[in-house]
Every structure is written in C-alpha cells, then in structure tokens.
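1. sequence-free structure coming up:
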C-alpha cells in the first residue's frame with residue numbers, strides 16, 4: 001500500500017445490467033467452466049476465489065447479528081449506518097441492509113475487482129431496495145471519512161499495514177469517522193502462536209477442503 005496513491009473514487013450502484021442478464025452471464029460462466037474441466041483443467045484452475053472465500057470464511061448473518069446486539073447493549077440504541085472497511089465483495093454489508101429497512105451500508109475497498117464482483121453477485125441480486133441503500137467506495141480506508149454508527153474491519157484485514165504509522169493513521173481516521181457514540185469492531189490476532197507460521201487442519205466445506213495458513 002505504501003506505493004499506492006491515496007485516493008478515493010466513488011462507485012455508483014447504477015450498472016447497465018439487470019438481474020436477468022446476470023443470470024444469463026452466470027449460466028454462460030458455468031458452461032465455460034464445464035468445458036474447461038473437459039479439457040483437463042482442475043477445479044482449482046477454474047475456481048471462483050471470491051465465492052470460495054465467502055463460503056468458507058464469512059458468516060454474514062452471525063456477524064450482523066453480533067453488530068446489532070452489541071451496539072444496542074453498549075449504546076442503548078439501535079445502529080443503522082454501517083461502514084465495512086476492507087469490504088471485498090460486500091457480503092456482510094448486504095446482509096446488514098437486508099436486516100432492516102432503515103439500515104444503510106458504506107463499503108470501502110481499494111481493489112475494484114471484488115467490489116465489482118460483489119455488486120453483481122450480492123448487492124444487485126438482493127433487489128433494488130437493498131441496492132439503493134448500499135454505497136461502494138473504491139479507495140484507501142486511511143482516507144475515508146464517511147461517518148457511520150459503527151465501522152467493521154473484519155478478518156484481520158488491517159494487518160496489511162506493516163508500519164505503526166500506517167496502522168495509527170487508519171485507526172485515527174476510523175475513530176474520527178464514527179458518530180459521537182459510535183463503535184469500532186475490529187478483529188485482532190495475536191499471542192505466542194502468531195509469531196510463527198501456522199496451518200490449521202483442513203476443513204471439509206462440501207466439495208472442497210479449506211485450510212487456513214497464518
């Protein structure tokens with residue numbers, strides 16, 4: 001990230017396609033993958049890394065339930081505006097907006113590819129009412145001052161910052177972006193085991209094995 005220009009670009013959720021077109025595209029992709037298997041390519045060669053990540057790692061229903069309940073317990077009121085930093089495919093944000101008609105979400109990520117994937121596979125299929133309440137921002141979280149009731153930084157994503165200065169800058173911006181009684185949800189990883197390379201036992205996810213190397 002040190003060599004990446006610090007910039008923010010707003011991504012409008014106004015694509016030139018519809019859910020019907022998306023279904024046709026998905027059918028075409030499945031047909032292409034089947035043909036690739038027939039040519040001798042492995043499942044790993046043609047796997048959709050974003051779909052596998054969502055299925056093996058993320059738990060959006062449990063996460064959003066935790067956010068809502070914890071915020072209510074800590075602040076005595078309901079949260080409605082979520083900001084998902086390092087949002088990737090925006091699955092958690094989409095689930096948050098689906099929970100309540102008053103909920104909105106801001107998805108921030110530096111990489112346009114997972115944002116585009118999430119727009120097609122998560123946000124738009126959830127329907128027009130959900131899509132209009134999810135806003136994607138392609139940019140650096142260290143420059144994003146979009147205000148929210150709470151900010152979620154999940155799956156140790158802030159570990160991409162390798163210097164104290166970068167990490168401090170992110171935490172400072174996150175704090176300044178919260179409303180006065182806002183909450184910052186951040187997953188951390190530490191302890192003696194974190195000092196070395198670890199590999200968990202493979203987990204059967206139904207059709208493939210997931211192994212966490214950390």
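-> Cool, got the structure. Everything numeric in this text was worked out from a predicted model, so none of it was measured.
2. center of the chain - which residue?
-> residue 87 (2.9 Å; Cα atoms, centre = their mean).
3. Skipping adjacent residues, who's closest to that residue in space?
-> Sequence neighbours aside, residue 107 is the residue nearest to residue 87 in space, at 3.6 Å (criterion: Cβ to Cβ, 6 or more residues apart in numbering). To be clear about C-beta, it is placed using only N, CA and C from the backbone, and glycine gets the same treatment.
4. Helix, strand or coil: sort out the one you found for me.
-> For residue 107, the assignment made with DSSP: H, G, I helix; E, B strand; the rest coil gives strand.
5. right, and residue 147 touches residue 179 too?
-> Yes - using Cβ atoms under 8 Å, residue 147 makes contact with residue 179 at a distance of 6.0 Å.
6. anything in contact with each of those two?
-> By Cβ atoms under 8 Å, 6 or more residues apart in numbering, residue 147 and residue 179 have these common neighbours: residue 81.
7. Please enumerate residues in contact with stretch 126-136?
-> 10-11, 13, 87, 90, 93-94, 97-98, 101, 103-107, 109, 115, 118-119, 123-124.
8. er, stretch 62-79 actually
-> So stretch 62-79 is in contact with 82, 92, 95-96, 99, 149-150, 152, 154, 181, 183, 185, going by Cβ under 8 Å, 6+ apart.
9. of these, the lowest pLDDT goes to which?
-> Among these, residue 154 carries the weakest pLDDT, at 92.
10. Now do the longest strand belonging to the chain: which elements does it pack against?
-> Assignment by DSSP state E gives strand 178-186 as the longest strand of the chain. Applying 3 or more Cβ pairs under 8 Å, 6 or more residues apart in numbering; DSSP states H and E, we find strand 178-186 packed against helix 60-75, strand 148-153, helix 164-177.
11. got a pLDDT number for the closest residue to residue 161 other than its chain neighbours?
-> Excluding the flanking residues, the one nearest residue 161 by Cβ to Cβ, 6+ apart is residue 167, at 4.3 Å. At residue 167, the model reports a pLDDT of 95.
12. I'd like the distance between the nearest residue to residue 109 once chain neighbours are set aside and residue 155.
-> What sits nearest to residue 109 in space, not counting adjacent residues and going by Cβ to Cβ, 6+ apart, is residue 87, at 4.7 Å. Relative to residue 155, residue 87 is positioned 11 Å away (Cβ to Cβ, to the nearest Å).
13. Same question for residue 202.
-> When distance is defined by Cβ to Cβ, residue 202 is 19 Å away from residue 155.
14. Between those two, which is the more surrounded one?
-> residue 155 (14 against 11; other Cβ atoms under 10 Å).
15. ok, the spatially closest residue to that one that is not a sequence neighbour - how many residues close by?
-> Residue nearest to residue 155 in three dimensions, not counting chain neighbours: residue 187, with 6.2 Å by Cβ to Cβ, 6+ apart. With neighbours defined by other Cβ under 10 Å, the count for residue 187 comes to 13.
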